[in-house]
Structure formats: structure tokens, C-alpha cells
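Engineer: Curious how this folds, go ahead:
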Amino acid sequence: MFENLTDKLGNVFKGLTKRGALSESDVENALKEVRTALLEADVALSVVREFIDKVKVRAVGEEVLRSVTPGQQVIKIVNDVLIEVLGSSESELLIDHAPPAVILLVGLQGSGKTTTAGKLAFHLKSKKRKKVMLASLDIYRPAAREQLRILGEQADVLVLPEIDGESPEKITKRAMAASKVQAIDVLILDTAGRTTLDTAMMSEAKEVFKLSKPSETLLIADAMTGQDAVQTAKAFSELIKISGVVLTRSDGDARGGAALSMRSVTGCPIKFVGISEKLDGLEPFYPERAAGRILDMGDVVSLVEKAAETIAEEDAAQMIKRMSQGSFDMNDMLKQIGQLKKMGGLGGIMSMLPGIGKLQKQMAANNFNDKAISKQEAIIYSMTKKERVNVSLLNASRRKRIASGSGTAVSDVNRLVKQQQDMARMMKKMGKMGGLGGLKNMMSSLGGASPNPGLGDGQNSVMDANKMAELQKMMGGNMPNLGNMANRFGGMGLPGLGGKPSKKRR
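Structural biologist: Next up is the predicted model:
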């Protein structure tokens, strides 16, 4: 969602950090470019003005201009103001009180209300351990109730049975009664939407609001509609007490303006963002992490949380044991590819790593992408059990058979074998150095990533080229630069995932 904005702001700050000292005119010129970047990202004009004014007041002060690292100080100020604009801190759902807690979902038709209802139910059940019931109040769209029923089955939560001829108000009363009888923790009410705001929809939403007395009233807004989503949020917040916003389709080609504008225009925090069409494709919105992604500082916390969720403790322990023994075969590689896919694929992980933004296009140009992961997976599945354990068995005829069975070329098989051998050599060296502790010490000696990426060191959070080349030489192959992340994953060493690395990354 923020990719274009990240690129443009990155170019602005690159010019600032190259200079040893900044004048007031340097800062003002940079802020003009920031203003243009924000407007092109479809951020509301009033929000842009407020943002630039706040940054300017702090950035042209004597403390910054005479700082040893003025460029980095300006970046830090922009980061701080971005966090303020986005909401300062995460806004939790207010559902931990006497049940049932009611969550009312409102919004225009097509914004993703029904899909979000299913995702939210799944999130509350799996992450918060709540007993959830879904109820559809949409009596106008024929497929709405059926869609919610299917989503409820997939999320394994209760769905209020349908009764023909009921009004939204009657359905609300029945849902409230049923949730009390069945000891439901959270009742999610999915209201009807219209293509545009109208009196009938708003009066119906008001009546349901009075009857249900919701703990949370969430406005579902499509991030791809830009400022239209902001105007919709503003109109709803003026008529109904909106407690939060959920931005859907943030994985599309949205320019990020809606997210940056929503809090300022409505006064309502963004509570969740939809990141995919899958049932688990709903994430809590963290302003600090979003600001970090916008400024290409990464989101290491979210990355570690994803790893903790997807990597079983016993798998991590087993990997640590094998690393200490210096072992790594194709079965290990297959496990890591599976873990990588669960964590959102290569693109999802790289988007959270500090300083990686500018490398993503180079990676894509060199076939360093999720398709390469699937190709490698197919190659390994085409091997026999013995071949996966011992790649030295792979003679020319076997490699030809594997290529044919996986729908790939022999050169792809050869490349994967080389990557596995490189990883195996790395594991042996790590074993001799004392496993993960040795890796951590080696990273530190080479000058690994800053503990506070992107702020104190001017976004120089990735190892410099010479040190990375030295590490690659020691490890015996071209590995993606993941800084000091290895110890954070409890032993999950990410394999080299396809394509020839760009020379610019050396």
C-alpha cells in the first residue's frame, strides 16, 4: 500500500543524508518534495498541510541544523510526525467486559464488510480465544447471508440462522437474545450497505446502533478508493459514533493516502487492515510499524511475531540441533520454504526488513520472487527420499528426471543443489563456531544491523557491501542479506531463494 510513497520519500531523504550540514533552505526544499509525494499518494490536503507544518517547526530548529547528523535528525522527525498522524499507538478492541460484546460493522456496499466479518471472527477466535457469533442484517443483497454462513463455517464460529421476512431490527434483537442464551463472548453484526450514502441506510444503521449498544462500531472502508474512503468515513462519523476503521484491500494498488488521512479527518483510529482475501488476511494496525514501513525502516517486530506464529517450537528446536551438528539437507530446505510461504512469502518478509525497499525491484528483475520458491518446492518434491538426504546421488540422469517431473529445467535443479550445498557449508561452519551464538558473534564482528534501524544511522540498517561480500565468501555462496535476523527466528536460516542476485547487492 505504501510502496510508491516509500520510494519517493526515500529519494528525498537520500539527498539529505548525503550532506554534511543542512541550511534552512535545504530543509524547506526537501519538505516541498515530501509535500508533493504525499499529495501524489492521495493524502487529504488538510492533512498534508498539518503534517508539513509540524515537521517544519521541528526540523528548522538550531538543534537539528547544527546536529552532527542533520539528515538523520530530519528523518527521525518525519517518522515521529507520521506516527502522530497515524494514531500514536495501537487501538485495541473494547470487548473484554460482560458478554456479549457487540461489534457493529458499517460501510458502503462493496467495501468488504461481509468478508471482514468472517476475518474478524476468525481473528477473535484464534488469537483472542473468544466464542464468536456472526449475524447478517443485510436483507437486500441475496447472497450476503449465504456468504456470511460460508465464512462462519470456514472460521468455525456460530452463525445466526436465517428467518425470512425479518427486518434488520428484528434480526438484531434475535441475535442479542441468542448470544446471551449460548454464552457468546462477541457478537458481530454485519449491516447492509449501499453504493452511495443515503437516508434509508443511515437511519437503519442508527436504529440497529440503538438496539445493540455496540462496544465497537467499525467502519469498513476500501483503501483503493483513496479520498472517497475518507469522505465516507467522515460522513458516517458525523451521524453514528464510529469507534474505529478497518481498511480493506491494502494489498492492492492503493496509494496509502486513505490510511494517512483517516485518523486526522475522522478522529477514529485504524484498528485493522485487510492484507489478503484469505480468512487470516486481517492484521491489527500498528502506527509505529506502518511509519517504519513507509520510511523503509522495516517492521522487525511484525516479522518476529509472524515467525513465532508459523514456526512450531519443536521445529525450531530441531533446526537448532541440526545447526549445532552442522547438518542441512533438502528436507530442511523444504521445511524452510514451507515456513516462508506461511509467513507471507518472500515479498511479505522482505517488506518488513529494514533498508530492503530499494532492493525489491532488483530482486524482482532477477527472478528473486515467490514463483522461484514454488519452483524449488516442486523440484524437491520430485526427488526421492534418499536424494533429499544425500544430493551427491544426483547424477546427470537423475537431475534430468527431476527436472522433467517438476516441470523445470536441469539448470534450475543445478542451481537449487548449489544453494543447498552453500547452506550446508554454512551450517557446518556455524556448527564449528558454536551454532547460533557463533553466528551472532560473527555478525557483530562484521558490523551487523543497527538495533534502531533507519533512525540513528540514516537508514544504513543493511550491512555495507564490503562486509556482506566478506560474509558471503566465508559462507561459500551468494546469500540474501538478512542482517542479524538469524538469531531472532530461533534457528530458521532462510535459504537462497532463486534467481541470480543483482551485482548491485554485493
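
Engineer: any low-confidence regions in the stretch 251-400 of the chain?
Structural biologist: Counting by pLDDT under 70, the ranges of the stretch 251-400 of the chain that qualify are 251-256, 293, 296-326, 343-370.

Engineer: Okay, helices next: where are they in it?
Structural biologist: 257-266, 287-294, 300-310, 313-325, 330-342, 345-350, 360-365, 370-381, 385-389, 396-406 (DSSP state H, counting those that start in this stretch).

Engineer: Contacts only, for the residue nearest to residue 330 when sequence neighbours are not counted.
Structural biologist: Distance criterion CB to CB, 6 or more residues apart in numbering; nearest residue to residue 330, sequence neighbours excluded, is residue 388 at 3.8 Å. Where you see a C-beta, it was placed from the backbone N, CA and C, and this is true even at glycine. Residues near residue 388 by CB atoms under 8 Å, 6 or more residues apart in numbering: 329-331, 334, 380.

Engineer: Closest one of these to residue 114?
Structural biologist: Of all the contacts of residue 388, residue 114 sits closest to residue 334, with 36.9 Å by CB to CB.

Engineer: burial measure for the closest one, as a count.
Structural biologist: For residue 334, the neighbour count with other CB atoms under 10 Å is 18.

Engineer: what pLDDT does the closest residue to residue 112 other than its chain neighbours get?
Structural biologist: Nearest residue to residue 112 in three dimensions, chain neighbours excluded: residue 248, at 3.7 Å (CB to CB, 6+ apart). pLDDT, the model's per-residue confidence, is 88 for residue 248.

Engineer: What count of nearby residues applies to the residue nearest to residue 155 when sequence neighbours are not counted?
Structural biologist: The spatially closest residue to residue 155, leaving aside those adjacent along the chain, is residue 122, at 4.0 Å (CB to CB, 6+ apart). Using other CB under 10 Å, residue 122 has 22 other residues around it.

Engineer: same check, this time on residue 142
Structural biologist: Count around residue 142 with other CB under 10 Å applied: 9.

Engineer: Tell me how the chain divides into domains.
Structural biologist: 3-86, 101-294, 300-505 (automatic domain parsing).

Engineer: if we can go back for a sec, can you give me the separation between the residue nearest to residue 330 and residue 380?
Structural biologist: Residue 388 sits at a distance of 6 Å from residue 380 (criterion: CB to CB, to the nearest Å).

Engineer: same question, residue 191
Structural biologist: In terms of CB to CB, residue 191 sits 48 Å off from residue 380.

Engineer: helices or strands up against the helix or strand harbouring residue 208?
Structural biologist: In this structure, residue 208 sits in helix 199-212 according to DSSP states H and E. Helices and strands touching helix 199-212, by 3 or more CB pairs under 8 Å, 6 or more residues apart in numbering; DSSP states H and E, are strand 101-106, helix 168-181, strand 186-190, helix 227-239.

Engineer: okay, those in CSV with distance to residue 52 next?
Structural biologist: Formatted as CSV, the helices and strands packed on helix 199-212 follow (distance: least, CB to CB, whole Å):
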stretch, distance to residue 52
strand 101-106, 33
helix 168-181, 44
strand 186-190, 39
helix 227-239, 18
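
Engineer: Looking at those, spot the one closest to residue 271.
Structural biologist: Nearest to residue 271, of all the helices and strands packed on helix 199-212, is strand 101-106, at 10.2 Å by CB to CB.
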